[in-house]
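S.K.: Below: sequence and its predicted model.
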Amino acid sequence: MEIALVLSKEHQTLPLAEIKAVLECEGINYSIIKDQEGLLLLNLNEKYLKNLPKIAARLSYTHEMIHIIIRTDEDKLISEAKNCPWNEYIPSDYAVRVKKMDKKSTHNTSDLEWEIGSIIKASLGENAKVKLEDPSTLIRIVLQDGMAISGYRIGQISKKHFYNLKPHKRPFFYPGSMSPKLARCMVNLTRISTGETLLDPFCGTGGILIEAGIIGARVIGTDIDYKMVKGTKENLQHCDINDYLVFQEDARKLELPEVVDAIVTDPPYGISASTGGETSENLYHQSMMSLERLIKEDGLMCLATPHYLNLDEIFKGTNFKIIEQHHIRMHKSLTRVISVLKKI
Ligand SMILES: C[S@@+](CC[C@H](N)C(=O)[O-])C[C@H]1O[C@@H](n2cnc3c(N)ncnc32)[C@H](O)[C@@H]1O
């Protein structure tokens, strides 16, 4: 079975890293057929088909996941579409949508939608029911570099979700809150599964905990500032996340009743979020020494830091090892470094 993923172009490396992490934690073996300009094609066993909607719903930097029915040269698309058993894929109503992923294609998008739509209609006969708004089956045609893909959409990442959960739309807001998309991606990079426990020891307004809670993790959050603790609880409840433990504590002295499976955190940079008079390096180093005791062996931590911090110094004397890193340019003088670390 082949699937196509249409990736966000917001970042060079995070979309693919996020997909790899989620497939790994869901135990799905795959091989990459093609990874080009925002389009990723994977080959995986048919038995995983039932797991894919849940995976698609977890991803933040992927727009769409498609189960490929036809993969061919662009000029052979029409003839292959005529031979396709569409009734095997379309049980009720449907719509056809074309996405051109570069300027090479000579096809006109709406003409091609109409042409493929007519072929499907002829194939389905009396059962054909076109529904342009919110169809039960969306047939997606993707054109890129002379290649045409046709398939049905398995899942679409809800843009509405990330929009509605923007930090300023939550009951408690404070400047410096992380975007829900990046928070979700960082959670995913720890390969956390449903029912496992995730800790954010600098939880601020709770953005990371919200995303972890939505994908079914149990969440623990702490912050040195009581205002943040109270605000995080309000925000979690607003998102219907009730399996949480949130309390006031200094990350450097944190104790927990159990070890956690993963840590995701965005400590203060000392710009909009205060480090409480401590240098960032000292605060980070002391916190990492304490967090090391709180995460299980082989557990992963995903950390956001400003580019000017020396991570070698911060992790000196700990058993955390960097296994993956991504850079996000925020503005001229700040690049955020997203590091995934393993406790070895
Ligand atoms: C950058 S903010 C976190 C933002 C969060 N990711 C969000 O989306 O809202 C950092 C937080 O660390 C907290 N903080 C500062 N020093 C701390 C310490 N020693 N222990 C725990 N929390 C601390 C601050 O109160 C602040 O809420």
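M.R.: Right, received. Where do you want to start?

S.K.: what does the stretch 201-344 of the chain put close to the ligand?
M.R.: Proximity of the stretch 201-344 of the chain to the ligand (CB under 6 Å from any ligand atom) is limited to residues 201-202, 204-205, 207-208, 223-225, 228, 250-252, 266-268, 273, 275-276, 283. In this view, the C-beta of every residue, glycine as well, is placed from N, C-alpha and C.

S.K.: Can you tell me how far residue 198 is from the ligand?
M.R.: Noted for residue 198: a distance of 13 Å to the ligand, by CB to the nearest ligand atom, to the nearest Å.

S.K.: residues in contact with that residue?
M.R.: Taking CB atoms under 8 Å, 6 or more residues apart in numbering, we find residue 198 in contact with 187, 190, 192, 208-209, 212, 217-220, 260-264.

S.K.: Closest to residue 103 out of those residues?
M.R.: Set against residue 103, the nearest of the contacts of residue 198 by CB to CB is residue 187 (35.7 Å).

S.K.: Break this structure into its domains for me.
M.R.: Here the domain parsing of the chain from automatic domain parsing is 2-157, 160-343.

S.K.: If you average the pLDDT over the shortest one, what comes out?
M.R.: Think domain 2-157. Per-residue pLDDT over domain 2-157 has a mean of 96.

S.K.: biggest helix in this protein, by residue count?
M.R.: Counting by DSSP state H, the longest helix found in the chain is helix 109-124.

S.K.: Just the buried positions in it, please.
M.R.: For helix 109-124, a neighbour-count test (16 or more other CB atoms under 10 Å) marks 112-113, 115-117, 119-121, 123 as buried.

S.K.: Export it to PDB, keeping only CA atoms.
M.R.: Provided in PDB are the C-alpha atoms of helix 109-124 (Å, rounded to 0.1, in the frame of the first residue of the first chain):
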ATOM      1  CA  THR A 109      -7.100  22.500 -12.100                       C
ATOM      2  CA  SER A 110     -10.900  22.800 -12.500                       C
ATOM      3  CA  ASP A 111     -10.900  21.200 -15.900                       C
ATOM      4  CA  LEU A 112      -9.100  18.200 -14.500                       C
ATOM      5  CA  GLU A 113     -11.500  18.000 -11.500                       C
ATOM      6  CA  TRP A 114     -14.400  18.000 -13.900                       C
ATOM      7  CA  GLU A 115     -12.800  15.400 -16.200                       C
ATOM      8  CA  ILE A 116     -11.900  12.900 -13.400                       C
ATOM      9  CA  GLY A 117     -15.200  13.600 -11.800                       C
ATOM     10  CA  SER A 118     -17.000  12.600 -15.000                       C
ATOM     11  CA  ILE A 119     -14.900   9.400 -15.300                       C
ATOM     12  CA  ILE A 120     -15.900   8.500 -11.700                       C
ATOM     13  CA  LYS A 121     -19.500   9.300 -12.300                       C
ATOM     14  CA  ALA A 122     -19.600   7.000 -15.400                       C
ATOM     15  CA  SER A 123     -17.900   4.200 -13.400                       C
ATOM     16  CA  LEU A 124     -20.300   4.500 -10.500                       C
END
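
S.K.: circling back to that earlier point, counting neighbours, which of the residues of the stretch 201-344 of the chain next to the ligand end up buried?
M.R.: The neighbour-count test (16+ other CB under 10 Å) marks 201-202, 204-205, 207-208, 223-225, 228, 250-252, 266-268, 273, 275, 283 as buried among those.
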